[in-house]
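S.K.: Okay, predicted coordinates and the sequence, questions at the end:
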Amino acid sequence: MSLNSVFDIAGSGMSAQSVRLNTTSSNIANAESVSSNTDETYRARHPVFAAQLQSAMSSSPFNFSASQLDAGGGVDVLGVVESDAPLQLRYEPHHPQANEEGYVAYPNVNIVEEMANMISASRAFQNNVDVMNSAKQMLQHALSLGR
């Protein structure tokens, strides 16, 4: 692996954490949105990641060529999925969005979990920035050796 590919790997990690931050902020923003119909209620969303190296490893385990090792590395965002956790039904008969039984459907968003995800994603993003800065400094020092 060359030092230049570190930028691609860290960049893909930053992109993945950016998606994670966006979905987390969307979950927090919609945590108190209500509906009388459970089909229309917002459901928490979570990104699905996959390591790019897995595709190289699955083709021939323990037998890597140089091209396979160079092709691997980084993170792919496979998509964003909705949580299948049950919605929160609260008995609020005087709420304008209450159904016939008096229940209001609230999203299945756990604010504490979302805040922990946000802190984790922002720290992972910062770690990737630090990796890029370190690689940049190493390249600058390597170039200064030739002077």
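M.R.: Thanks, I have it. Numbering: from 1, shown residues only.
S.K.: Tell me who's in contact with residue 144.
M.R.: Listed by Cβ atoms under 8 Å, 6 or more residues apart in numbering, the contact set of residue 144 is empty. The way it works is simple: take the backbone N, C-alpha and C, and place the C-beta from them, glycine included.
S.K.: I'd like to know how far it sits from residue 6.
M.R.: 19 Å (Cβ to Cβ, to the nearest Å).
S.K.: go on, residue 38?
M.R.: 47 Å.
S.K.: more neighbours, these two?
M.R.: Each of residue 38 and residue 6 has its neighbours counted (other Cβ atoms under 10 Å); residue 6 has more, 18 against 13.
S.K.: packing partners for the helix or strand where that one lies?
M.R.: Using DSSP states H and E, residue 6 sits in helix 5-29. Contact here means 3 or more Cβ pairs under 8 Å, 6 or more residues apart in numbering; DSSP states H and E; on that basis helix 5-29 packs against strand 45-51, strand 75-82, helix 111-145.
S.K.: and of those, who's closest to residue 14?
M.R.: Closest approach to residue 14 among the helices and strands packed on helix 5-29 is made by helix 111-145 (4.6 Å; Cβ to Cβ).
S.K.: Contact partners for the residue nearest in space to the middle of the chain?
M.R.: Computing the C-alpha centroid of the chain and ranking residues by Cα atoms, centre = their mean puts residue 20 first, at 2.8 Å. By Cβ under 8 Å, 6+ apart, residue 20 lies in contact with 47, 117, 121, 124.
S.K.: And for residue 37?
M.R.: Residue 37 is in contact with 99, 105, counting by Cβ under 8 Å, 6+ apart.
S.K.: Okay, it and residue 29: tell me how far apart.
M.R.: 20 Å.
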